[in-house]
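> the following comprises the amino acid sequence and a computationally predicted model.
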Amino acid sequence: MSNEGKQFDRRDSALVLAHILFAFFALLLGGVAGVLQGLVRGGAIKLPYEIGYYQLLTAHGVLMALIFTTYFIIGFLYSGVAKTMGGHLLPIARSLGWLGYGLMTSGTVIATIMILLNKATVLYTFYAPMKASPWFYVALVLVVVGSWMSGIGIFIQYRYWKKTHNGQMSPLFGFMAVVTMLMWLIATIGVAIEVLFMLIPWSFGWVETVNVELSRTLFWYFGHPLVYFWLLPAYICWYVVIPKIIGGKMFSDALARLAFIMLLLFSIPVGFHHQLMEPGISSVWKYVQVVLTFMVVVPSLMTAFSLFATFELHGRSVGATGLFGWLKKLPWKDVRFFAPFMGMLIFIPAGAGGLINASNQMNMVVHNTMWVTGHFHLTVATSVALTFFGVTYWLIPALTGRVLTPLMHKLGIAQTIVWLVGMFFMSGAMHISGLLGSPRRTAYTTYENHPDAILWMPYNVVMALGGTILFIGVIMIIVNVIMLLNAPKGHTEYPVAEVRDTAEKTPAIFERWGVWVGVIAVLILVAYTVPVMELLNNPGVGSKGFVTW
């Protein structure tokens with residue numbers, strides 16, 4: 001931790017800032033699409049003829065769920081790897097970071113243009129047989145390959161640190177960054193195969209039909225680990241940063257590493273729980289993947305235990321008494337703590353909703369309803385987004401040599417509260433209307449004044465209200481980011497917590513990557529080999545492309 005007091009290397013700051021600022025640009029564009037979409041569904045506005053509801057829905061999903069998150073995560077991981085593994089990035093790691101940034105940005109620009117031209121209104125899951133312009137799929141390849149370049153840069157930095165610190169356990173942040181990017185690389189192989197070998201030849205007209213079930217299976221091989229790719233950097237903040245911000249120490253380095261290894265193992269071979277209602281996949285293999293899905297609960301509960309143990313131990317060390325006295329000792333007026341802590345709290349109902357989605361019988365009730373949309377607005381759009389916002393309040397000042405003023409703390413806490421209120425209305429209405437049967441992915445409609453659809457309308461209005469409040473929250477965070485860039489000059493610490501003196505020693509096996517990659521390979525082969533072979537051997541007639549917009 002000897003590099004904590006030093007300022008960032010300017011070249012590293014430029015790379016990280018480029019990622020963070022592009023992420024917020026994508027958040028703003030996605031927010032505009034999101035609020036318009038909410039107002040349409042609530043019946044408050046009608047779009048001009050040239051703009052389609054599903055076009056906005058695609059832009060919102062791609063820019064928010066894929067672009068904002070991926071850029072922010074890569075920037076955040078690079079900052080922590082630079083800080084804890086040598087104090088600066090190796091030239092090769094920095095060059096790979098810029099190469100990845102260039103590829104991802106060119107892909108993002110092309111994809112956004114295709115969506116705005118209404119040539120890729122296929123939603124963020126881009127399910128076949130809906131067919132976008134081939135250039136949309138080419139753009140997705142550029143984004144994925146760019147992210148691989150950045151991941152390789154992180155691996156090179158980690159490997160160099162291990163070689164120059166023989167026998168030492170790597171810094172926890174660096175270890176967690178490697179786990180996050182390793183999961184991403186393994187998961188994106190599925191979507192890369194789908195896009196390169198199925199969707200691009202099909203969209204260019206080189207082949208006439210596509211195997212729809214196989215394409216969806218490959219997408220969800222990627223699509224569920226994507227959720228944990230969003231979540232793991234939030235966990236990094238919770239484990240590594242928050243204890244330092246509250247003035248305490250990390251509960252256990254070993255427990256944190258074990259949780260990350262378990263998330264790596266059990267978050268990849270679980271995609272079938274998104275396909276429980278689809279034919280063509282044997283119920284046996286769906287069952288196997290549902291069991292593996294439920295294994296992910298264990299590291300999540302370990303994380304909850306570790307975090308609240310950290311909070312309580314710190315509170316008691318500074319004089320807290322009684323069962324919950326330690327709560328009063330937490331820095332509630334510090335936005336760097338308040339925003340991520342609210343994210344942690346929201347993750348409790350969000351995680352419970354995930355268990356419902358993954359349960360076969362309960363999934364039958366909520367499948368393809370607004371409930372599912374409400375669920376992932378609690379996970380990625382609240383738990384993850386609020387944590388990322390909390391990180392931003394100290395990361396930008398640490399990168400630019402500026403300080404977080406008392407006014408910025410107040411503005412940040414106000415933005416967090418606005419976000420929570422907006423999400424309470426929007427996600428709450430989504431959950432309830434989903435239970436009443438309201439379908440997701442649909443524009444404003446009363447279904448010929450059907451009584452059930454009339455029953456959903458008040459909830460659609462509440463969703464529009466929540467979405468409008470959330471858009472105010474988007475504007476507030478953008479304003480706050482601009483203010484952070486112009487804050488008074490000074491030194492801001494990059495907060496990296498130390499481990500408790502009494503914590504147990506971390507076993508060396510956690511850094512035997514060959515072991516863990518081998519275990520993942522076995523789990524993936526067990527979970528996917530037979531069902532994928534069945535889909536290849538019995539492909540059906542295939543489907544031509546459909547353009548429904």
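In hand now; what should we look at?
> the longest helix in the chain is where?
Ranked by residue count and defined by DSSP state H, the top helix of the chain is helix 451-485.
> centroid residue for the chain?
Closest to where the C-alpha atoms of the chain average out (Cα atoms, centre = their mean) is W230, at 2.1 Å.
> after the helix or strand harbouring it, next one along is what?
According to DSSP states H and E, W230 maps onto helix 212-236. Counting by DSSP H and E, the next helix or strand C-terminal to helix 212-236 is helix 242-245.
> near the closest residue to Y71 other than its chain neighbours, how many other residues are there?
With sequence-adjacent residues excluded and distances taken as Cβ to Cβ, 6 or more residues apart in numbering, Y71 is closest to A23, at 3.8 Å. Heads up, the C-betas are built off the backbone N, CA and C, glycines and all. For A23, the count of nearby residues is 23 (other Cβ atoms under 10 Å).
> again, but for V380
Counted with other Cβ under 10 Å, V380 comes out at 21.
> now do the contacts for V179.
L232, F260, I261, L263, L264 (Cβ atoms under 8 Å, 6 or more residues apart in numbering).
> please, which helix or strand holds it?
V179 is part of helix 172-194 when elements are defined by DSSP H and E.
> list the buried residues in that helix.
172-192, 194 (16 or more other Cβ atoms under 10 Å).
> L96: what's it in contact with?
Contact analysis of L96 by Cβ under 8 Å, 6+ apart lists M149, S150, I152, G153, I156.
> one more time with 7 Å
M149, S150, I152, G153 (Cβ atoms under 7 Å, 6 or more residues apart in numbering).
> out of those, who's the most crowded?
Neighbour counts for these (other Cβ under 10 Å) peak at S150, which has 29 neighbours.
> circling back: wait, isn't the residue nearest to the centre of the chain in contact with T69?
Yes. Using Cβ atoms under 7 Å, W230 makes contact with T69 at a distance of 5.0 Å.
> which neighbours do the two share?
Jointly contacting W230 and T69 under the rule Cβ under 7 Å, 6+ apart are V380.
> how near is the nearest residue to I396 once chain neighbours are set aside to T529?
Distance criterion Cβ to Cβ, 6+ apart; nearest residue to I396, sequence neighbours excluded, is L484 at 4.3 Å. To T529, L484 is 49 Å away according to Cβ to Cβ, to the nearest Å.
> which of the two has more neighbours?
Between L484 and T529, counting by other Cβ under 10 Å, L484 is the more crowded of the two (24 against 11).
> and the nearest residue to V296 once chain neighbours are set aside, how far is that from V418?
Closest residue to V296 apart from its sequence neighbours, by Cβ to Cβ, 6+ apart: F266 at 4.8 Å. Note on F266: its distance to V418, by Cβ to Cβ, is 35 Å.
> G190 too?
37 Å.
> who's in contact with Q157?
V81, M85, L89, L90, A93.
> tabulate those residues (JSON lines), appending secondary structure and pLDDT.
Listed next are the contacts of Q157 as JSON lines, based on DSSP: H, G, I helix; E, B strand; the rest coil; pLDDT from 0 to 100:
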{"residue": "V81", "secondary structure": "helix", "pLDDT": "96"}
{"residue": "M85", "secondary structure": "coil", "pLDDT": "94"}
{"residue": "L89", "secondary structure": "coil", "pLDDT": "95"}
{"residue": "L90", "secondary structure": "coil", "pLDDT": "95"}
{"residue": "A93", "secondary structure": "helix", "pLDDT": "97"}
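> which one of those sits closest to T468?
V81 (38.5 Å; Cβ to Cβ).
> which residues touch the closest one?
I154, Q157, G174, A177.
> let me know the pLDDT of the residue nearest to A26 when sequence neighbours are not counted.
Spatial nearest neighbour of A26, chain neighbours left out: I67 (4.1 Å); criterion: Cβ to Cβ, 6+ apart. I67 carries a pLDDT value of 97.
> so how far is I236 from I67?
Distance of I67 to I236, computed by Cβ to Cβ: 20 Å.
> helix or strand right after the longest helix of the chain?
Later in the chain than helix 451-485, the nearest helix or strand by DSSP H and E is helix 513-537.
> quick check: mean pLDDT of that following helix?
On average, helix 513-537 scores 95.
> who does it touch, helix- and strand-wise?
helix 212-236, helix 253-266, helix 283-295 (3 or more Cβ pairs under 7 Å, 6 or more residues apart in numbering; DSSP states H and E).
> again, 6 Å this time
Secondary-structure packing of helix 513-537 (3 or more Cβ pairs under 6 Å, 6 or more residues apart in numbering; DSSP states H and E): helix 283-295.
> could you say what helices and strands the helix it packs on packs with?
On a contact count with 3+ Cβ pairs under 6 Å, 6+ apart, helix 283-295 meets helix 513-537.
> residues making contact with the helix it packs on?
E213, L214, L265, P269, I281, W285, V288, Q289 (Cβ atoms under 6 Å, 6 or more residues apart in numbering).
> circling back: where's the residue nearest to V296 relative to L226, distance?
Look at F266 and L226: by Cβ to Cβ, they are 15 Å apart.
> next, the buried residues of stretch 305-317.
By neighbour count on 16+ other Cβ under 10 Å, the buried set for stretch 305-317 is S306, L307, T310, F311, E312, L313, H314, G315.
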